[in-house]
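Peer 1: Need a 3D model of the following:
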Amino acid sequence: MSAVTVPVVRRSILKKGQDNMSNMLDFSKMLGVSLKCIDRELIRYSLHNLSTEHQLPEDHAIPQSLPVELPMQLEIPVVAFQESNIYDIHRGPCTATLHFRNQESRNDWVWVQAGSEEMYGVLRGRLPAKLVALFTIRDYTCENAVRRVVAVRMLSAVN
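Peer 2: As a prediction, the model looks like this:
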């Protein structure tokens, strides 16, 4: 963990990692998740959360052919305790199914803002989630846009 002054943009950053992924088919094989499932979720997310000009095409052949890179770390800026303009950088390793330092895979837990501040009581709208995969898609169909995606497995709040 390290402290930095206010970043220009307060976003999570994917740090470069493996270069052995070439497309979504390789990625789905590595994760052990069907290509149809990944395509369906990416297109659904795109339709519900991106502006019309930035949405992925609904033709499944296009997302499947887009180049994929596999970062190995998520850097998350978090406001420092009792400070409003200083951020701590928390690093969350995520190797998906690949080995981490000659050991088993490592996929850290993160907090995800899943609702409004009034939801889930003292969790204030946040839920824990386990990183499943980090990946970057280069979308040549939309002005060579770079889409950085984090797949997580969410826990649910009970009571």
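Peer 1: Quick check: the gap between N85 and G92.
Peer 2: 23 Å (C-beta to C-beta, to the nearest Å). Glycine gets a C-beta too; all of them are placed from N, C-alpha and C.
Peer 1: just the strands in this structure please.
Peer 2: 2-5, 13-15, 68-69, 73-79, 86-93, 109-113, 126-139, 145-154 (DSSP state E).
Peer 1: Can you tell me which of the ones you listed is most buried?
Peer 2: With neighbours taken as mean count of other C-beta atoms under 10 Å, these reach their highest mean count in strand 68-69, at a mean of 20.
Peer 1: mind checking the longest helix of the protein?
Peer 2: What stands out as the longest helix in the chain, according to DSSP state H, is helix 35-49.
Peer 1: Run the angle between that one and strand 126-139 for me.
Peer 2: 100 degrees (axes from the mean of the first three to the mean of the last three C-alpha atoms, to 10 degrees).
Peer 1: quick one: buried residues of helix 35-49?
Peer 2: 35, 38-39, 42-43, 46 (16 or more other C-beta atoms under 10 Å).
Peer 1: Which single one of the residues you listed is nearest to F100?
Peer 2: Taking C-beta to C-beta as the measure, I38 is the one of the buried residues of helix 35-49 closest to F100, at 22.4 Å.
Peer 1: dump the residue contacts of that closest one.
Peer 2: Contacts were defined as C-beta atoms under 8 Å, 6 or more residues apart in numbering; by that measure I38 touches 24, 27-28, 31.
Peer 1: again with R106
Peer 2: So R106 contacts 93-95, 100 (C-beta under 8 Å, 6+ apart).
Peer 1: so which of those is the most crowded?
Peer 2: Within the contacts of R106, most neighbours by other C-beta atoms under 10 Å means C94, with 27 neighbours.
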